[in-house]
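In: Below are the sequence and a predicted model for it; my questions follow.
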Amino acid sequence: MTRNTSIVPFHIDVPQAELDDLRDRLGRTRWPAELPDADWSRGTPVAHARELAEYWRTGFDWRAQERRLNELPQFTTVLGGQTIHFAHIRSDAPEALPLLLLHGWPGSFVEFLDVVEPLRKEFHLVIPSLPGFAFSAPLAGAGWTAARMAEALVELMAVLGYERYGVQGGDTGAFVAPEMGRLAPERVVGVHLNGILSFPAGDEEEDARLSETERQRSAEMEEATAGYVPIQSRSPQTLAFGLTDSPAGQLAWIAEIFHRWAGTPVDRDRFLTNVTLYWLTGTAGSSAQIYYEQVNDPMAWVPKPRGTVPTGVLLAGSHEYGIRPYAERDHNIVHWSQKDDGGHFFAMEKPDAFAEDVREFFGRLV
């Protein structure tokens, strides 16, 4: 990994012309037809998208959200030829454990806004935008798999002077975080995951031992990924044409995922802040590339040695596909927490419960 160790302060300041263009495009949206009495079973309903788009155009205050984001100290650096954007919030406790918080798709570093204050008492927080997402764009080239992202983030923590640290991840972050543990077990104190995915290994005896709940989760996982995953893993560039040209298209694409995956309602302004980041940075295509890379990376499917780093798992009340026997086969599971509510975007949906579980897990390790 080639390193440019200069850390450059970063401040979000979107030109007004880009915000005006967004509003203009929303006002000129060519809305699709739909079947009578259409619901979410066929995708985002037009009425829902139109209502959200109108609020985005006339009621949403990006400047207020921009000021909120800029309250976080933000920086960029270049690692492996790739610009990496990150927020870095130091705890008032000098000996606090550094903690890396990793988002996934269709999220962003915005997911962690409401857990910063609860966590900064015990942790120095580093919250990056993964390569290809938000301000860690454009992608410098192909090949940014979860393993390569892990390599870059291990380097980032070294550049920041952190020799021992924890990692938390959900969605794509739940693939990157364990890779960091495998790559640098002497540095990573522990890995905390929400939305963990572990897959069958073709062992009939192992599969036979699954509980009925675990069998149901496995079936539901296949169903949940049957729509967007094939598109983003095969044709991320083709998808990018529509989503980069139409804010309504970008909005509807992400709205469907939040509807299906969130276990509790997400604040509308927070949701639109996340969507606006995708729009303003033009990262619909580059953020989808991780799916292409993972599917087409032969090393991603080669069995790996069981991870040795202590690993904690937080299961939400809905949209949860964690299968413990598979997870314990692949990871050193020392913490398994099941919540009654929340969903895929747990830090955004239930920030207090998320922070509590993270504190509990790492509190046992340090």
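Out: Looks like it came in fine.

In: so what's the nearest residue to G143 once chain neighbours are set aside up against?
Out: With CB to CB, 6 or more residues apart in numbering as the criterion, G143 has its nearest non-adjacent residue at 6.6 Å, and that residue is E293. C-betas here are computed from N, CA, C, even on glycine. Shown in contact with E293 (CB atoms under 8 Å, 6 or more residues apart in numbering): 142-146.

In: Can you list the residue ranges for helices in the stretch 101-250 of the chain?
Out: Along the stretch 101-250 of the chain, counting by DSSP state H, counting those that start in this stretch, helices occupy 116-120, 146-159, 173-183, 204-208, 212-224, 228-234, 236-245, 247-261.

In: Deepest in the core, which of the ones you listed is it.
Out: Of these, the one with the most neighbours on average (mean count of other CB atoms under 10 Å) is helix 173-183, at a mean of 24.

In: Hmm, V191 and A327 touching each other?
Out: No - counting by CB atoms under 8 Å, A327 does not reach V191; the two are 11.5 Å apart.

In: picking that back up, dump the contacts of E293 to TSV, plus pLDDT and distance to L153.
Out: As requested, the contacts of E293 are exported to TSV (pLDDT from 0 to 100; distance: CB to CB, whole Å):
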residue	pLDDT	distance to L153
A142	96	19
G143	96	15
W144	97	12
T145	96	13
A146	96	10
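
In: Please, a ChimeraX command that selects the buried ones among those residues?
Out: Buried residues within these, by 16 or more other CB atoms under 10 Å, are selected in ChimeraX with:
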select :144,145,146
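
In: Restricted to strands, list the contacts of E293.
Out: Judged by DSSP state E, strands contain none of the contacts of E293.

In: residues in contact with R120?
Out: Applying CB under 8 Å, 6+ apart to R120 gives the contacts 89-92, 96.

In: where do the strands sit along the chain?
Out: Along the chain, counting by DSSP E, strands occupy 3-10, 74-79, 82-89, 97-102, 123-129, 165-170, 188-194, 310-315, 332-338.

In: Out of these, the one nearest G242 is which?
Out: Closest approach to G242 among the strands of the chain (CB to CB): strand 123-129, 22.7 Å.

In: what lines up beside the closest one in the sheet?
Out: Here strand 123-129 is paired, per DSSP bridges, with strand 82-89 (antiparallel), strand 97-102 (parallel).

In: Could you look over those strands and pick the most buried one?
Out: Highest mean neighbour count among these (mean count of other CB under 10 Å): strand 97-102, with a mean of 25.

In: Not counting its neighbours along the chain, what's nearest T276?
Out: T276 sits nearest to W62 (CB to CB, 6+ apart), 5.9 Å away.

In: Okay, and the beta partners of the closest residue to A177 other than its chain neighbours?
Out: Closest residue to A177 apart from its sequence neighbours, by CB to CB, 6+ apart: G169 at 3.5 Å. Beta-bridge pairing for G169 (DSSP bridges): L102, L193.

In: Can you report how many residues neighbour G169?
Out: A count of neighbours around G169, defined by other CB atoms under 10 Å, yields 28.

In: which residues does it contact?
Out: 101-102, 104, 175-177, 191-194.

In: Please apply the same query to S198.
Out: Contact partners of S198, counting by CB under 8 Å, 6+ apart, are 322-323, 326-327, 329-331.

In: what about stretch 298-318, how long is it end to end?
Out: 31 Å (CA to CA, to the nearest Å).

In: buried sites along that stretch?
Out: Along stretch 298-318, these residues count as buried under the neighbour rule (16+ other CB under 10 Å): 307, 309-318.

In: Mind picking the two most distant members of those residues?
Out: Maximum pairwise distance among the buried residues of stretch 298-318 (CB to CB): 27.9 Å, between V309 and S318.

In: Next, count neighbours for W336.
Out: Residues within reach of W336, counting by other CB under 10 Å, total 15.

In: ok, now the one 3 residues further on?
Out: The tally of other residues near K339 (other CB under 10 Å) stands at 20.

In: Noted, bye for now.
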